[in-house]
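1. turn this into a model:
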Amino acid sequence: MFLAAKPSGGRTLGIRRALNARALRDHLKAERKVLLSSWAVPGSAAPETGSIKLKDRAEFHMQMSQLLSRGVPLVEALDVCITSVSDSVRPTIARLKDLVAAGSGFGDACQQVGCFDPVTISVYRAAERSGDLAGAARQLSQTARRELAVVGKAATLLIYPAIVVIISIFVVAAMMLFIVPRIAEYLIKSNVPLSLYSQVIFGTSIFLSKHLLWVAVGVMVLIALVVILRKELMRLGLRLIRMLPIVRGLLVAQDSARFFTVMAAMSRTGVNLADALAVATAVVNEPTLRSQLTRMRTKLIEGGVLRQLIEDVTALPVGSRRLLIAGERSGDLSTTFDTLAADLTEEVDRKSQRLLALLEPLLIVAMFFVIAALLLSIMIPLLQASQSRPV
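-> Residues are numbered from 1 along each chain as shown. So this is what the prediction gives:
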């Protein structure tokens, strides 16, 4: 964590990954900031800086494609791209431009800055050999936009459940901390007989309200643990979610769309099939599909026949496998990869909408049961008290 002086004269507080204070000072100097103070924090609390965000990648590749296709020199095109990306990425693109101006190959420069993914590096290296950097940038731009569409569908799918869960938590917390304790104390003073269920709910709410400070500290500690262990928790969550059939189908379609999008980008720029498979398989998260694709690549290198190996990838739908075999026979796998990427992106859209339509009533019912359980713990004793009161 650092405190730095900005070029405009103000100060900024932020968090950045760096080996030490000297490396941090150099990073900030490239952004025309002066380091004033720094404090070491756990690495898991810092944002990931290993790659450029997908939105910035899409914008960068699109600008490169438009400028290079119109005959703009590479260094000048990079100079224009610096102004089209977000502020956090500009130092990276500026360093990329300096490396290219110093004589480095474009693909090698992308690798040296350390913020581009293996797909981008491999595609640009292949495009340098073929002399079609503009075409490679156009293909990478299309790839990034397809990935943005897939990620956007996943984010849209999670927004509604997240809102419902947050509202439910706030409603339950407000009731347990402020409403239920007052009613519980009134019923206890009135000597109203309570069921075991009501006793548990009332006892919990009274304890929470009397120890509100410690509850707040516990919640903050829990939030900190979630932030620190977010990667492990997300991994565990995905593993549990994959057990649901409808979610498993969506995740397979999402990973398949990402895989074919990368394969289309790499095959069109002349990357050989084995190398393309090695890079594209790395973007697949679904364990079964990833293991089958890895095995297919290994057997292909050992001399296996591609059309026979495709049949063994049972995690892919039968239609996708048949289309791949047809593309291999016609010798036009690039078009096949592109078609499958577009089709699977649409399938992700359909399955996302279907899953969202299923989640909406389920979440409403779940929220109803949680709040209804609290209300019943209050209403039953109140009804008993009113019935036992003499007329």
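
2. low-confidence ranges in the chain?
-> 19, 30, 42-51, 150, 153-157, 385, 387-391 (pLDDT under 70).

3. please repeat the previous calculation with a cut-off of 50.
-> 45-50, 391 (pLDDT under 50).

4. can you map out the strands along it?
-> Taking DSSP state E, the strands of the chain run over residues 2-5, 11-14, 34-38.

5. tell me the buried residues in the first one?
-> Residues 2, 4 are the ones in strand 2-5 that count as buried (16 or more other Cβ atoms under 10 Å). Where you see a C-beta, it was placed from the backbone N, CA and C, and this is true even at glycine.

6. show me what that strand is packed against.
-> strand 11-14, helix 21-30, strand 34-38 (3 or more Cβ pairs under 8 Å, 6 or more residues apart in numbering; DSSP states H and E).

7. these: which one's closest to Tyr197?
-> strand 11-14 (48.7 Å; Cβ to Cβ).

8. ok, the closest one: who's next to it in the sheet?
-> Paired neighbours of strand 11-14 in the sheet (DSSP bridges): strand 2-5 (antiparallel).

9. distance from the partner strand to the middle of the chain?
-> Strand 2-5 sits 29 Å away from the centroid of its parent chain (Cα atoms, centre = their mean, to the nearest Å).

10. same check, this time on stretch 190-200
-> Using Cα atoms, centre = their mean, the offset of stretch 190-200 from its chain centre is 46 Å.

11. ok, stretch 122-136 next?
-> Relative to its chain's centre, stretch 122-136 lies at 28 Å (Cα atoms, centre = their mean).

12. buried ones in it, by neighbour count?
-> 122-128, 132-136.

13. now, which of these sits nearest Leu74?
-> Nearest to Leu74 among the buried residues of stretch 122-136, with distances taken as Cβ to Cβ, is Leu133, at 7.1 Å.

14. roughly how far apart are the closest one and Thr269?
-> In this view, Leu133 and Thr269 are 9 Å apart by Cβ to Cβ, to the nearest Å.

15. and the strands of the chain: which comes nearest Leu383?
-> strand 11-14 (55.3 Å).

16. restricted to helices, list the buried residues of stretch 122-136.
-> Counting by DSSP state H, these place 122-128, 133-136 in helices.

17. coming back round to it: for the buried residues of stretch 122-136, name the two members farthest from one another.
-> Based on Cβ to Cβ, the longest span within the buried residues of stretch 122-136 runs between Ser122 and Ala134 and measures 17.2 Å.

18. quick revisit: closest one to Ala149 among the strands of the chain?
-> strand 11-14 (30.6 Å).

19. contact partners of the closest one?
-> With contact meaning Cβ atoms under 8 Å, 6 or more residues apart in numbering, strand 11-14 is reached by 1-6, 33, 36.

20. with just CA atoms, put it into CSV.
-> What follows is strand 11-14, C-alpha atoms only, in CSV (Å, rounded to 0.1, in the frame of the first residue of the first chain):
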residue,chain,number,x,y,z
ARG,A,11,-2.1,12.9,-3.2
THR,A,12,-3.3,9.4,-4.0
LEU,A,13,-3.6,6.2,-1.9
GLY,A,14,-3.4,2.8,-3.6
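
21. from here on, call the first residue 20.
-> Shifting the count to begin at 20 puts that one at strand 30-33.

22. just give the nearest non-adjacent residue to the one residue sitting closest to the centre of the chain, would you?
-> For the chain, the residue whose C-alpha lies nearest the mean C-alpha position (Cα atoms, centre = their mean) is Val170; its distance is 7.0 Å. Nearest residue to Val170, sequence neighbours excluded (Cβ to Cβ, 6 or more residues apart in numbering): Leu73, at 6.6 Å.

23. again, but for Arg144
-> Using Cβ to Cβ, 6+ apart, the closest residue to Arg144 is Gly126 (3.3 Å).

24. pretty sure the one you found sits against Ile140.
-> Yes: counting by Cβ atoms under 8 Å, Gly126 touches Ile140, with 5.5 Å between them.

25. which of the two has more residues huddled nearby?
-> Gly126 (21 against 18; other Cβ atoms under 10 Å).

26. ok, that one - contacts?
-> Per Cβ under 8 Å, 6+ apart, neighbours of Gly126: 140-141, 143-147.

27. repeat that for 10 Å
-> 135, 139-148, 152, 155 (Cβ atoms under 10 Å, 6 or more residues apart in numbering).

28. that one and Glu147: what is the separation?
-> Gly126 is 6 Å from Glu147, by Cβ to Cβ.

29. swap in His230?
-> Applying Cβ to Cβ, the value for His230 to Glu147 is 65 Å.

30. how much space between Val170 and Arg164?
-> Val170 is 11 Å from Arg164, by Cβ to Cβ.

31. and for those two, which residues touch both?
-> Joint contacts of Val170 and Arg164 (Cβ under 10 Å, 6+ apart) are 73-74.

32. picking up where we left off before, can I get the contacts of strand 30-33 in CSV with distance to Ala42?
-> Shown next, in CSV, are those (distance: Cβ to Cβ, whole Å):
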residue, distance to Ala42
Met20, 15
Phe21, 11
Leu22, 17
Ala23, 14
Ala24, 18
Lys25, 20
Lys52, 14
Leu55, 16
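
33. and whichever helix in the chain runs longest, how far out from the chain's middle?
-> Criterion DSSP H: the longest helix present in the chain is helix 352-407. The chain centroid and the centroid of helix 352-407 are separated by 21 Å under Cα atoms, centre = their mean.

34. output the contacting helices and strands for that helix.
-> helix 152-193, helix 199-208, helix 215-229, helix 264-287, helix 292-300, helix 337-349 (3 or more Cβ pairs under 10 Å, 6 or more residues apart in numbering; DSSP states H and E).

35. how does it look with 8 Å?
-> helix 152-193, helix 199-208, helix 215-229, helix 264-287, helix 337-349.

36. could you give the angle of it to helix 152-193?
-> 10 degrees (axes from the mean of the first three to the mean of the last three Cα atoms, to 10 degrees).
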